[in-house]
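> Return a 3D structure for these sequence lines:
(chains A, B, C and D)
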Number of protein chains: 2
Amino acid sequence: MTVQHSGGGPPDRTLALLWRKTQPTPDRARGRKPTLQLDTVVDTAIALADERGIAAASMGNVAKALGVGTMTLYTYVPSKEELLDLMVDQVLLERRLPGPGDDRPADWRAQVELYSDETRAMFSRHPWLARVSTIRPPVGPGMLAAREYLLSTMFALGLPPARANLAALAIATYVDSAAGAEAESELIERTTGQTNDAWWHERGDLWENYFDVDRYPTMTAVWNDGAGGGTSYGGGTREVSTQAYRFGLDHLLDGIAAGA
Amino acid sequence: MTVQHSGGGPPDRTLALLWRKTQPTPDRARGRKPTLQLDTVVDTAIALADERGIAAASMGNVAKALGVGTMTLYTYVPSKEELLDLMVDQVLLERRLPGPGDDRPADWRAQVELYSDETRAMFSRHPWLARVSTIRPPVGPGMLAAREYLLSTMFALGLPPARANLAALAIATYVDSAAGAEAESELIERTTGQTNDAWWHERGDLWENYFDVDRYPTMTAVWNDGAGGGTSYGGGTREVSTQAYRFGLDHLLDGIAAGA
DNA sequence: CGCTATTCTCGTATACCCTACGAGAATTGA
DNA sequence: TCAATTCTCGTAGGGTATACGAGAATAGCG
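Presented below is the predicted three-dimensional model:
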């Protein structure tokens, strides 16, 4: 399944929810006391998605986990879309990225490395994040903090503002998508109980019945070289994925540094 | 919504469907004649998804568009998952990428450029592709052709097999995800009838009420430089996205070339 | 204390989604 | 002709989100 979001209600309401920690919420005295807290709802949804994938974080499941009726959730959140936005920004905020005054690695490259490490760890904890669209993202503190940090590393490299912006976007695109793929792969292995190697192995027919060496000479060469990662092509083994990630990031940064 | 796939039935059946054009299908004389063809089903589903997003390509909608009962589709396709796989590989195959013997640009860089152009065009025609998970992809002719081609461009650059594999994976990761984001952005503009600029503008409250210049000095600098792309941050205007894409690809290739 | 305004709770109902099952229709070879 | 085979698709069951409205709980006021 796919996940859209950020379409729904008035943006003011969503923004208020996203920034609730920064901005004090007006307290209302009147009326029945709430049983839950927004944070509890969001955290529960995240926990469910972490464990069994984004589909498990349905309104019904979240409510059941909290021991309330499904419709009760709608007191805390205008819609599922909003909940998703909150989940995303909550998780984006988990990354420990130094802010303006904080200590950080001296080298710009190490700074980017920190972004990469934190992002990969975040995706690893929350693999479902990879399946949420980031077009029109929840513009919350989490998203802004990450963008600010990455942008500042490009300033540290000495890029002028316009180039720094482009470079930060390119790096974020690469890191986020690669880290997302990696994490999603692990989630699928966990939830299906089948390793990726086993999955490829199950498709052994392919190589025998359909694969034509003349049509795919280069793949064959890589295969014979043993570089495909054993039993698999197409992303292949965990080691190959990790190596490919490093390779891509290193060379992207090389290229950016060379052009600085 | 999110889209999973490639889990379901026996892999043999799926592979047979995916490779149906290459492999002749056994003809059966007995029994009622089918009203539809598999290709028609797949094409209809693709058309629906192209126009109104992946969610519109439901079994019910596809059947309605074809003027048959919903359950009729299950004669042609074992499940929705399989249909999705077929849609994906069909679309992957649209890219005009030269095969082993075919003419191609002489320069390896131009060859990669061709992959990039064809991929962007493909995503532009089929924006929903961005929301389909590519872990455990449909291992059909479309996927293999693209991998073969990209791999061969890295051979053209002179990389040894193992490095070529890593480089091809890195480039595919970057190009596919950037192109996907771009296309999805256009789809959202089209289906919501709201441009991205308008969307950001609607969030004007943010900058006034929540944005803290001290917390986000670098973003502020970029903003003041006019590099944010007018009204937006976070990916921003179409021009900024396109520039960022070019910037990233060029520098990634620079880095790979430098390390060759 | 009682009343009222306010707020939260959540059962019911609607409208989608996928798909298992099985009855019936169509076709062909025997 | 009729049996075997294959395709068609209505019904039903279990999932999803959420609109609506009735009822419960609370705070403050008279």
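
> what residues does chain A put near DNA strand D?
Residues of chain A found near DNA strand D (CB under 7 Å from any atom of the strand) are A:8, A:29-33, A:58-61, A:70-71, A:74, A:79-81. For every residue, glycine as well, the C-beta is placed using N, CA and C.

> do you know how far the closest residue to A:Thr70 other than its chain neighbours is from A:Val77?
Nearest in space to A:Thr70, with sequence neighbours left out and distances taken as CB to CB, 6 or more residues apart in numbering or on different chains, is A:Ala63 at 4.3 Å. When CB to CB, to the nearest Å is applied, the distance between A:Ala63 and A:Val77 equals 11 Å.

> Repeat that for A:Arg190.
Here A:Arg190 is placed at a distance of 28 Å from A:Val77 (CB to CB).

> now do A:Leu18
Noted for A:Leu18: a distance of 12 Å to A:Val77, by CB to CB.

> now the strands for chain A?
With DSSP state E as the definition, chain A shows no strands.

> Settle it for me: which of A:Leu18 and A:Val77 has more neighbours?
Applying other CB atoms under 10 Å in any protein chain shown to A:Leu18 and A:Val77 shows that A:Leu18 carries more neighbours, namely 25 against 21.

> Now for the closest residue to the more buried one other than its chain neighbours: which residues touch it?
Once flanking residues are discounted, A:Leu18 sits nearest to A:Gly140: 3.6 Å by CB to CB, 6+ apart. Shown here is A:Gly140, whose contacts under the criterion CB atoms under 8 Å, 6 or more residues apart in numbering or on different chains are A:Leu18, A:Trp19, A:Asp85, A:Leu86, A:Asp89, A:Leu92, A:Leu93.

> now with 7 Å?
The contact partners of A:Gly140, by CB atoms under 7 Å, 6 or more residues apart in numbering or on different chains, come to A:Leu18, A:Trp19, A:Asp89.

> which one is A:Pro111 nearest to, not counting chain neighbours?
Actually, residue A:111 is Gln. It isn't Pro. Residue nearest to A:Gln111 in three dimensions, not counting chain neighbours: A:Thr153, with 4.1 Å by CB to CB, 6+ apart.

> give the contact list for that neighbour.
Contact partners of A:Thr153, counting by CB under 7 Å, 6+ apart, are A:Trp108, A:Gln111, A:Val112, A:Tyr115.

> One more pass at 8 Å, please.
A:Thr153 makes contact with A:Trp108, A:Gln111, A:Val112, A:Tyr115, A:Ala168, according to CB under 8 Å, 6+ apart.

> any idea of the pLDDT on A:His5?
Reading off the confidence values, A:His5 has pLDDT 52.

> actually A:Glu51, not the one I wrote
A:Glu51 carries a pLDDT value of 95.

> and it, how many neighbours does it have?
A:Glu51 is flanked by 13 other residues according to other CB under 10 Å.

> Kindly report the same for A:Asn165.
29.

> so it touches B:Glu239, yeah?
No: with contacts counted by CB atoms under 8 Å, A:Asn165 stays clear of B:Glu239, the gap being 11.8 Å.

> now that we have the contacts of A:Thr153, which one has the most neighbours?
Counting neighbours by other CB under 10 Å, the top entry in the contacts of A:Thr153 is A:Ala168, with 28 neighbours.

> Looks like it contacts A:Leu151 (just checking).
Yes: in this structure, A:Ala168 is within contact of A:Leu151 by CB under 8 Å, at 4.7 Å.

> show me what contacts A:Gly204?
Contacts for A:Gly204 (CB under 8 Å, 6+ apart) come out as none.

> Quick check: it vs B:Ala181, distance?
35 Å.

> Over to A:Val139?
As defined by CB to CB, A:Val139 lies at a distance of 16 Å from B:Ala181.

> The two: who's more crowded?
Counted by other CB under 10 Å, A:Val139 and B:Ala181 do not tie: A:Val139 has more neighbours, with 27 against 22.

> thought that one was touching B:Leu206?
Yes: here A:Val139 reaches B:Leu206: they are 5.7 Å apart, a contact under CB under 8 Å.

> Overlap in contacts, the two.
Residues within reach of A:Val139 and of B:Leu206 at once, by CB under 8 Å, 6+ apart, are A:Leu15.

> how many neighbours does A:Arg30 have?
Residue neighbour count, defined by other CB under 10 Å, stands at 4 for A:Arg30.

> excluding its backbone neighbours, what's nearest A:Tyr216?
Closest residue to A:Tyr216 apart from its sequence neighbours, by CB to CB, 6+ apart: B:Glu148 at 4.6 Å.

> residues touching the one you found, list them.
Residues in contact with B:Glu148, defined by CB under 8 Å, 6+ apart, are A:Arg215, A:Tyr216, A:Pro217, A:Thr218, A:Met219, B:Gly99, B:Pro100.

> Buried members of these into ChimeraX, please.
For selection in ChimeraX, the members of the contacts of B:Glu148 meeting the burial criterion (16 or more other CB atoms under 10 Å in any protein chain shown) are listed in this command:
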select /A:215,216,217,218,219
